[in-house]
Structure formats: structure tokens, C-alpha cells
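**Student:** Mind folding the following:
(chains A and B)
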Amino acid sequence: MSEQLTERVLKVIAASKRIPLEQVTIDSEFQQLGIDSMDAVEILFALENEFDISIPDEDVRNVRNVRQMAEGIEKLVAAKAAQPADAAASQ
Amino acid sequence: MRRVAITGMGAICALGRNVSEFEAALRCGRSGIGPLESTDCSQLRFQNGAEVRGYSHTPYFDDRRADFIDRFAQFAVIAAREAVACAGVEWTPARRESAVIITGSCVGGQSTEDIGFQEVYKLGHNRVHPLTIPKTMANAGASHISMEFGITGPSFTISTACSSAAHAIGQAFWMVRTGMTDLALTGGSEAPFSFGILKAWEAMRVVSPDTCRPFSKDRRGMILGEGAAMFVLEPLEAAQARGARIHAELVGFGMSADACHITQPSAEGAARAMRGALRDAGLSPEQIGYINAHGTATPANDISETAAIRQVFGIHADRLAVSSTKSMHGHALGAAAALECLGATLALRDGFLPPTANFTEPDPECDLDVVPNHARHAEVEYALSNSFAFGGLNAVLALRKVG
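**Tutor:** Residues are numbered from 1 along each chain as shown, chains lettered A, B, ... in the order given. Next up is the predicted model:
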């Protein structure tokens, strides 16, 4: 996973949950950070905006920690980059 | 305190345009969920809803009157007309002056508001239609019912999200019981299918991409619905004296607030509302035979509601039937509790248990008798109708079979 992508995910989580960035690491569990289901939905919304991607409901059903979330984002960002330019534009 | 009878009922929703169509669907477990017609869903993660298919104001309102009434308030008036006709209410000046109207609505005239906002935000026009405000206001249903029948007594609307209609019916029940009025028209109506509000529901990630499977292990969320159900409530003795048909008796109403989380349900809050309804009715838990559950089919609600039912009913939870008719009429938000109270009333009156439709697989965390897929014959004396709203505001109605 790219460090830059991880950093952006951590920043989005910290900003959305309004907690210090130092508290959020790639190994954090949502439960440790006090992230409940509504917080998670808000973070997904912020991540969709940050990366200009659409995160399907099915992909997030079993996400319980920051690493799973970052890995999912990485996949979606890669999938978006692989799309032809005109398909991406119509998204 | 007086006993309170339901003497009139009316409904319009995805299951039909009147109470008998609604009941026929419940009896055969037919779901009204399908692809949405009234809204373009191509930019949405879900395409299904429980809609009043092919709805047009034409058989119900002339064009000029319809100009003034949003779809949600049209539904309110349509259901109220059926309820009043069903009860055989004879309007005298005194009755018009003392009758009470209490409606529930969560979102009001969303489609009207959506059109108005598109005018200014999207189309760049500098003006919005002058009827946008009177069509959008959540009390429009109560107002148009009052005008329809010339009712001039206390009339208002309660908005507590998914519990709106239960709070409305409960309040009307208490007003009849305590002698504040001799006739109440009450229920709820909703028409939440506008693109803006569907996008907002999509963002919450609680809407199922296929259908509504309450208490089923593979449930994937709620399905939005629309419609209305209305009731005429009268003192039982007066109703008997005039020879009215009594469909059921309202016997208890309980309310609570979770004081916990704006969207996550609390089993304790739900349990307190159920206990409140039992206490108000003077019933012990063992007397309840059927619960029309809130049963949204979100992962969180169904587990929490099961836990709450176990808290309140103990081992009796294994002997009572619990079903969610949202699997058929969808989650009609401010109208949901009215449609569900109607389901419970019909179940008591006609001796059947409406099923939980679309059920595929038991969930060990929802280990109740949820009447999967097929209605069942059963003579039940007492039933509850549960409503647990976003915002943690809970309302539970208790009903008794009559005759």
C-alpha cells in the first residue's frame, strides 16, 4: 500500500471523527477509535470525496479497522485509474 | 377513563388503494416492493421501493384542488375519506367542532420541495412556485383532512421520524380515552420518493439493493415505502350504542426516548416503550399474542428489537408471533406506524398473522417466531405495534380483539 494513500486515509478519518491525527494509525481498530456505524458512514462519504470514487455498500459491510479501509480504497483508486478516460469522465 | 374503539380505517400504499386490498396482500404475503417508477434511480445504488404504482390524483381530486396538495397529503385525505366512510360518521355541527385530527409525517411534501429547489439551484431560475411552502409543510395532511370534512376541532401533526404515526395515534387514543374528544381522525401519511431524499438515504447506507428481509440472516437493509393509513377512534360505549362496527380496541400506548445515539437503536429504550404500553393497558406480557414489529431489516434494528422483546417477554417471547409487514408495504416513515397498526388491527379482527415476507434464512440473533413468508390462522386477543424511530424516539400501541 502506498504511504501517500495511507496518509490521506488517516487524515480523512481524523478530520471526520475530529480526533488528533496521531491517534489514528494503520493498525487502529474502529472500536479503539470510538468509530460507530454512523461515524463510519461519514468517513466513507469523506473518503469518496477525497479520492473521487464511489464505495459500494457491499465492500464496506465487514470493514472493522483502518487497514481494511485503506486496502479497499487502494483497490477502488486502482480500478478508477485503469478505466478509459471517457468512462471515468462519465462517472 | 373511557375505552376506545377503532370504528373506521382507510389505507393507500404499495399493497393497494383501500383496506380490503391491503388485507388481501397481507394474507397472501404479497410484497409491494419493486422498481421505482416515480423517480429516476439511474444515479442511485438502489432501484426498488414500495410505491403506489400508477398513482394519479385524477380519480380522487379535481385538477385545481390537486394543485394545492402534495402527494403525501393527497394520500392522507384518501385514507381519511375511506376511514370516515367505513365508520359511518354522521357529521353534525357539534361533532365537527369537537373532532380531533392528529396526523404523523416525517418528511412532508418532499417532491414539491425538490422541484422548488431544482428551480433555484439547478435551473438557475429566480423564482419558486408560490405553493411550495403550503404543499411542503408536514401538517398539510391534517389541514386538508380538516377542510375535507369541515372539522374545526384541535388538529395537528406529529413528526418523530419512523414513529410519527404511532405518536399521533397514541395521542388521539389518549384524547378520546380521557374525554377530551368524542371522535378522532388519526394516522400518518408519507411520500418520500424524490431524488434528493433518496440520495440522502443512499448516503446512510441502510437501504437494501434488492428487497426487505426483516429478521432474515441475509437482510441487507430497509426499503422505503409510501402511502397513508387513517383511523376513526370513538369511545367504545358510544360506538356500540350507535351500532357501529368495531374493528379493534386501542388499549395502551407507551413512549420512551433512548437518550443514546441519533441513529443506533437501543434495546433498553425499545423495551421501556413496550413495557409502557403494557402498563398503560393494564396487561401482563403473557397476554400478548402478536407483535407487529418495527422490523426495518437493517442489521442493527432487528437484533436490537429481538433483544428488547426478549427483555420484556422473557420465555413468553418464544410463544408469541412477531412479524414485520414492512417486508410488504416497505418503510413508509411517518406513515409506517399507521400501516402497521392497521395490519395489527386486521390480524386481530380477522384471525390471522401477517407474515414476514421475503424471509430466506433464520438469524440466530433474531430467534423469534417471525411468521416467515406465509400468513397463519390464529385467534389472538392482544397485539402490540412497535415503532422505534431514528433519534431514539419510541412509541408502542397495544390493541385488543373485539367480539
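**Student:** Now do the same contact list for residue 15.
**Tutor:** All of this is about chain A. residue A:46 (C-beta atoms under 8 Å, 6 or more residues apart in numbering or on different chains). Using the backbone N, CA and C atoms, a C-beta is placed for each residue, glycine as well.
**Student:** wrong one, chain B
**Tutor:** Contacts of residue B:15 by C-beta under 8 Å, 6+ apart are B:21, B:22, B:25, B:26, B:30, B:32, B:50, B:328, B:329.
**Student:** do residue B:362 as well
**Tutor:** B:216, B:217.
**Student:** just residue B:119 next, same as before
**Tutor:** Applying C-beta under 8 Å, 6+ apart, we find residue B:119 in contact with B:125, B:127, B:128, B:129.
**Student:** swap the cut-off to 10 Å and go again
**Tutor:** B:125, B:126, B:127, B:128, B:129, B:132 (C-beta atoms under 10 Å, 6 or more residues apart in numbering or on different chains).
**Student:** The residues you listed, buried ones only, as a PyMOL selection?
**Tutor:** What follows is the PyMOL syntax for the buried subset of the contacts of residue B:119, where burial is set by 16 or more other C-beta atoms under 10 Å in any protein chain shown:
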select buried, chain B and resi 128+132
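**Student:** Could you identify the most distant pair in the contacts of residue B:119?
**Tutor:** The span of the contacts of residue B:119, defined through C-beta to C-beta, is set by B:126 and B:132 at 14.1 Å.
**Student:** Out of the contacts of residue B:15, who's the most crowded?
**Tutor:** Among these, residue B:329 has the most neighbours (other C-beta atoms under 10 Å in any protein chain shown), with 33 neighbours.
**Student:** Tell me how far it lies from chain A.
**Tutor:** The gap separating residue B:329 from chain A is 23 Å, by C-beta to the nearest C-beta, to the nearest Å.
**Student:** hang on, isn't that residue packed against residue B:337?
**Tutor:** No - here residue B:329 lies out of contact with residue B:337, judged by C-beta atoms under 10 Å, at a distance of 11.6 Å.
**Student:** shared neighbours of those two, which are they?
**Tutor:** Shared contacts of residue B:329 and residue B:337 (C-beta under 10 Å, 6+ apart): residue B:229.
**Student:** Would you map out the domains in chain B?
**Tutor:** According to automatic domain parsing, chain B comprises the domains B:4-241, B:252-400.
**Student:** Chain A: helices as residue ranges?
**Tutor:** In chain A, the segments counted as helices under DSSP state H are A:3-17, A:30-33, A:37-51, A:57-60, A:66-82, A:85-89.
**Student:** mind putting the ones you listed in TSV, mean pLDDT included?
**Tutor:** Below are the helices of chain A laid out as TSV (pLDDT from 0 to 100):
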stretch	mean pLDDT
helix A:3-17	96
helix A:30-33	96
helix A:37-51	94
helix A:57-60	87
helix A:66-82	95
helix A:85-89	54
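**Student:** Export those to JSON lines and append columns for distance to residue B:396.
**Tutor:** Formatted as JSON lines, these follow (distance: least, C-beta to C-beta, whole Å):
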{"stretch": "helix A:3-17", "distance to residue B:396": "34"}
{"stretch": "helix A:30-33", "distance to residue B:396": "31"}
{"stretch": "helix A:37-51", "distance to residue B:396": "24"}
{"stretch": "helix A:57-60", "distance to residue B:396": "30"}
{"stretch": "helix A:66-82", "distance to residue B:396": "38"}
{"stretch": "helix A:85-89", "distance to residue B:396": "50"}
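**Student:** For residue B:78, which of those is the nearest?
**Tutor:** Closest approach to residue B:78 among the helices of chain A is made by helix A:57-60 (34.5 Å; C-beta to C-beta).
**Student:** Which positions within that closest one qualify as buried?
**Tutor:** By 16+ other C-beta under 10 Å, the buried positions in helix A:57-60 come out as A:57, A:59, A:60.
**Student:** and what of stretch B:225-232?
**Tutor:** Across stretch B:225-232, burial judged by 16+ other C-beta under 10 Å covers B:225, B:226, B:227, B:228, B:229, B:230, B:231, B:232.
**Student:** same question, stretch B:299-311
**Tutor:** By 16+ other C-beta under 10 Å, the buried positions in stretch B:299-311 come out as B:299, B:301, B:302, B:303, B:304, B:305, B:306, B:307, B:308, B:309, B:310, B:311.
**Student:** Give me the secondary structure label for the residue nearest to the last one when sequence neighbours are not counted.
**Tutor:** Leaving aside its chain neighbours, residue B:311 sits nearest to residue B:271 (4.3 Å; criterion: C-beta to C-beta, 6 or more residues apart in numbering or on different chains). Of the three states, residue B:271 takes helix under DSSP: H, G, I helix; E, B strand; the rest coil.
**Student:** got it, and residue B:322?
**Tutor:** Using three-state DSSP, the structure places residue B:322 in strand.
**Student:** Burial check on it, number of neighbours?
**Tutor:** Other residues within reach of residue B:322, judged by other C-beta under 10 Å, total 26.
**Student:** Can you name the residues of chain A that neighbour chain B?
**Tutor:** A:36-38, A:40-42, A:44-45, A:48, A:54-58, A:60-61 (C-beta under 10 Å from any C-beta of the partner chain).
**Student:** Out of the buried residues of stretch B:299-311, which is nearest to chain A?
**Tutor:** Checking the buried residues of stretch B:299-311 against chain A with C-beta to the nearest C-beta, the nearest one is residue B:299 at 8.7 Å.
**Student:** so how far is residue B:64 from the closest one?
**Tutor:** 47 Å (C-beta to C-beta, to the nearest Å).
**Student:** again, but for residue B:199
**Tutor:** Going from residue B:199 to residue B:64 by C-beta to C-beta gives 32 Å.
**Student:** Quick check: residue A:31 touching residue A:65?
**Tutor:** Yes - at 8.5 Å, residue A:31 and residue A:65 qualify as touching, with contact defined as C-beta under 10 Å.
**Student:** Looking at the two, which is more packed in?
**Tutor:** Taking neighbours as other C-beta under 10 Å, residue A:31 and residue A:65 compare with residue A:65 leading, 17 against 10.
**Student:** show me what contacts that one?
**Tutor:** Taking C-beta under 10 Å, 6+ apart, we find residue A:65 in contact with A:26, A:27, A:28, A:29, A:30, A:31, A:32, A:33, A:35, A:71.
**Student:** With distance to residue B:347 added, can I get these in TSV?
**Tutor:** Formatted as TSV, those follow (distance: C-beta to C-beta, whole Å):
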residue	distance to residue B:347
A:26	53
A:27	52
A:28	48
A:29	44
A:30	41
A:31	41
A:32	46
A:33	45
A:35	41
A:71	48
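**Student:** Kindly indicate the member of these with the most neighbours.
**Tutor:** Neighbour counts for the contacts of residue A:65 peak at residue A:35, which has 23 neighbours (criterion: other C-beta under 10 Å).
**Student:** Touching, it and residue A:19? I think so.
**Tutor:** Yes - Residue A:35 is in contact with residue A:19 according to C-beta under 10 Å; the separation is 9.3 Å.
**Student:** For those two, list the residues in contact with both.
**Tutor:** Counting by C-beta under 10 Å, 6+ apart, the contacts common to residue A:35 and residue A:19 are residue A:13.
**Student:** Report the separation between residue B:97 and residue B:184.
**Tutor:** As for residue B:97, its distance to residue B:184 is 14 Å (criterion: C-beta to C-beta).
**Student:** Residue B:384: what secondary structure?
**Tutor:** Under three-state DSSP, residue B:384 falls in the strand class.
**Student:** The nearest residue to it once chain neighbours are set aside: neighbour count?
**Tutor:** Of all residues not flanking residue B:384 in the chain, residue B:291 sits nearest, at 4.7 Å (C-beta to C-beta, 6+ apart). By the other C-beta under 10 Å criterion, the neighbourhood of residue B:291 contains 26 residues.
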